[in-house]
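1. Fold the following, please.
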Amino acid sequence: MLKIFFILAFSQISWCSKFQSSKIPQCHVGDTNCIKEITNLVLSQFYGGEPNVALSQLDPLKIQRMGIKQGGNSPVNIDLTFENVELHGLKNFVCYSVKGFGEDPRGQYEMKLRGPYFILKGPYNIKGQILVLPIQGRGVSNFTLLNPELHVIWTGKTKKKNGKTHLYTDDLKMTFKITRMQAYFGNLFGGNPALGEGTNRFLNENWQDIFNEIKESIFDAFSLIIQTHLNNMWAHHNYLQMFKQL
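-> Residues are numbered from 1 along each chain as shown. Next up is the predicted model:
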């Protein structure tokens, strides 16, 4: 996915020295109900960003590069790259479960969210074969996932920098369930209208079989984006200073 996300949103808004000038409240360490509520507040009201606490824009979320590769013995064998795309939909998500964020940053974390859709829009490049159909093209795409239910887990670890403790992770994993996948790839086969329309129709008619084959690659792509952005951000902040002090 990502600059991301509900997790990034919560983490970015938790700078003690900045909250006096922000409308976003803080939580006490370990107060997962509060963290859940603040995550939902950020997603619904501050998705455009909050300069006072250096909260980046969440919706649309700008993604510089995202790759999905599927090979081996799979009937879907593709190399699909999205570049400079936007992910729409996070502002409509609701967080309904949070675990972790205790006084000791080490240990297991979990967040669950659901929303009506994810829409990934922007340039793409694809080549390969999907089921029995060869596919190749470069253009603009619209890749939609309906009713996604997100499950994000990671192991919290720590690094010391200038005497301060920073949270990081190296095993974040995001998975999700959907009710439908819809895809449109413009300019397939060099802009051939008959081949392009037929291929897009085939993709949408067989979305379930295709998604089942490529979902692990999609999960891995989103997970890497989230993990990278979280670690980059966490590296600048002492863990306990991200929370309200007693």
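2. quick one: low-confidence ranges for this protein?
-> Residue ranges of the chain with pLDDT under 70: 1-22, 52-55, 246.
3. longest helix in the chain, by residue count?
-> Longest helix in the chain, counting residues (DSSP state H): helix 207-234.
4. tell me which residues of that one are tucked away?
-> Neighbour-count burial for helix 207-234, counted by 16 or more other C-beta atoms under 10 Å, picks out 207, 210-211, 213-215, 217-218, 221-227, 229-231, 233-234. Glycine gets a C-beta too; all of them are placed from N, C-alpha and C.
5. what does stretch 85-97 give?
-> 85, 87, 89-91, 93, 95.
6. List the contacts of that stretch.
-> Residues from elsewhere that reach stretch 85-97, judged by C-beta atoms under 8 Å, 6 or more residues apart in numbering: 1-2, 5-6, 36, 39-40, 43-44, 47, 58-63, 66, 110-124, 141, 150.
7. just stretch 128-135 next, same as before
-> Applying C-beta under 8 Å, 6+ apart, the external contacts of stretch 128-135 come out as 70, 75-80, 126-127, 136, 185, 188, 199, 202-203, 206, 209-210.
8. when you check those residues against the helices, which ones overlap?
-> In this view, the contacts of stretch 128-135 that belong to helices under DSSP H are 199, 202-203, 209-210.
9. State the helix or strand in which the residue sitting furthest away from the middle of the chain lies.
-> Within the chain, Ala194 marks the point farthest from the mean C-alpha position, 34.0 Å out by C-alpha atoms, centre = their mean. Assigned by DSSP states H and E, Ala194 belongs to helix 193-205.
10. what's that helix in contact with?
-> Contacts for helix 193-205 (C-beta under 8 Å, 6+ apart): 130-131, 133, 135, 137, 182-189, 210.
11. quick one: secondary structure of Tyr96?
-> strand (DSSP: H, G, I helix; E, B strand; the rest coil).
12. Okay, helices next: where are they in this protein?
-> Shown for the chain, the helices assigned by DSSP H span residues 6-12, 32-45, 193-205, 207-234.
13. how far does the longest one sit from the chain's center?
-> What it means is helix 207-234. In terms of C-alpha atoms, centre = their mean, to the nearest Å, the centre of helix 207-234 is found 7 Å from the chain centre.
14. what angle sits between it and helix 193-205?
-> With axes from the mean of the first three to the mean of the last three C-alpha atoms, to 10 degrees as the basis, helix 207-234 and helix 193-205 are set at 80 degrees to each other.
15. Mind putting the helices of the chain into a markdown table with distance to Trp154?
-> Listed next are the helices of the chain as a markdown table, based on distance: least, C-beta to C-beta, whole Å:
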| stretch | distance to Trp154 |
| --- | --- |
| helix 6-12 | 9 |
| helix 32-45 | 15 |
| helix 193-205 | 32 |
| helix 207-234 | 7 |
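16. Tell me where the chain has strands.
-> For the chain, strands defined by DSSP state E occupy the ranges 61-70, 76-88, 94-99, 107-114, 117-130, 133-146, 149-161, 164-168, 173-177, 180-185.
17. Can you dump the C-alpha atoms of the third one in CSV for me?
-> Coordinates of each C-alpha in strand 94-99 appear next as CSV, following Å, rounded to 0.1, in the frame of the first residue of the first chain:
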residue,chain,number,x,y,z
VAL,A,94,-13.0,2.0,10.4
CYS,A,95,-10.5,0.4,12.9
TYR,A,96,-12.3,-2.1,15.1
SER,A,97,-9.5,-3.9,16.9
VAL,A,98,-6.1,-2.9,18.3
LYS,A,99,-3.5,-5.0,20.2
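18. Separate out the buried members of the contacts of helix 193-205.
-> By neighbour count, with 16+ other C-beta under 10 Å, these hold 130, 135, 137, 183-185, 188-189, 210 as buried.
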